[in-house]
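> Quick one: sequence plus predicted model below, questions after.
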Amino acid sequence: MESSKQVVTQRGTTPAPYYANSGPVMHEVLMPVRWGDMDAFAHVNNTVYFRFMEQCRIEWFLKIGAHIEQSDIVPMLVGADCRFIRAIKHPAVARVTIAVGDVGPKVVQTPHEIWVDDTLCAVGDCKIVWISQAANKAIALPEDIRARLVAR
């Protein structure tokens, strides 16, 4: 584990970000665990954790004005990792958060946490770039989006 990333415990009702270099929680979503989300071992399948993070990320994109439909300039996921800490079982409601980590010229790090009640069940680390669909390549982070991200 890198020295800039340390596990922190939840204090009260506000979770602290897992990654020490990330800012405050920018958005969170509650995701009910469906019976069909479980695998043969009777816990939530690993792929579902990525779906949880995706739903949180898409809602956050809309919240910050990153248009994902009918626009040439759109955010695109270029990397996603997940560290599974505790198994989630049905019935449950997962609370998924997104924060902003490093903001580079083109790449934005978005750490995620997945909680059930007071238990941190998984942490994710995603990398996002903004692309021009017409040019089919990454572009510099749009200034209006950068302003929203660094003003956290």
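Nice, I can see it.

> What are the boundaries of the helices in this structure?
Secondary structure of the chain (DSSP state H): helices at 46-63, 143-150.

> Out of those, flag the one nearest Cys126.
Between Cys126 and these, the shortest separation by Cβ to Cβ is 6.6 Å, and it involves helix 46-63. The C-beta positions use only the backbone N, C-alpha and C, and glycine is treated the same way.

> still on that earlier bit, right, so the helices of the chain: which one is the most enclosed?
helix 46-63 (a mean of 18; mean count of other Cβ atoms under 10 Å).

> Using CSV, write down the CA coordinates of that helix.
The C-alpha atoms that make up helix 46-63 are tabulated as CSV, following Å, rounded to 0.1, in the frame of the first residue of the first chain:
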residue,chain,number,x,y,z
ASN,A,46,-17.5,-8.9,-7.3
THR,A,47,-18.8,-7.4,-10.6
VAL,A,48,-21.7,-5.8,-8.8
TYR,A,49,-19.3,-3.6,-6.8
PHE,A,50,-18.2,-2.1,-10.1
ARG,A,51,-21.9,-1.4,-11.0
PHE,A,52,-22.4,0.3,-7.6
MET,A,53,-19.4,2.6,-8.3
GLU,A,54,-20.7,3.2,-11.9
GLN,A,55,-24.1,4.3,-10.7
CYS,A,56,-22.6,6.7,-8.2
ARG,A,57,-20.2,8.1,-10.8
ILE,A,58,-22.9,8.6,-13.5
GLU,A,59,-25.1,10.5,-11.0
TRP,A,60,-22.1,12.6,-10.0
PHE,A,61,-21.3,13.4,-13.6
LEU,A,62,-24.8,14.8,-14.1
LYS,A,63,-24.5,16.7,-10.8
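
> Residue ranges in this protein under the pLDDT threshold?
Within the chain, the ranges that satisfy pLDDT under 70 run 1-22, 152.

> could you point out the longest strand in it?
strand 119-132 (DSSP state E).
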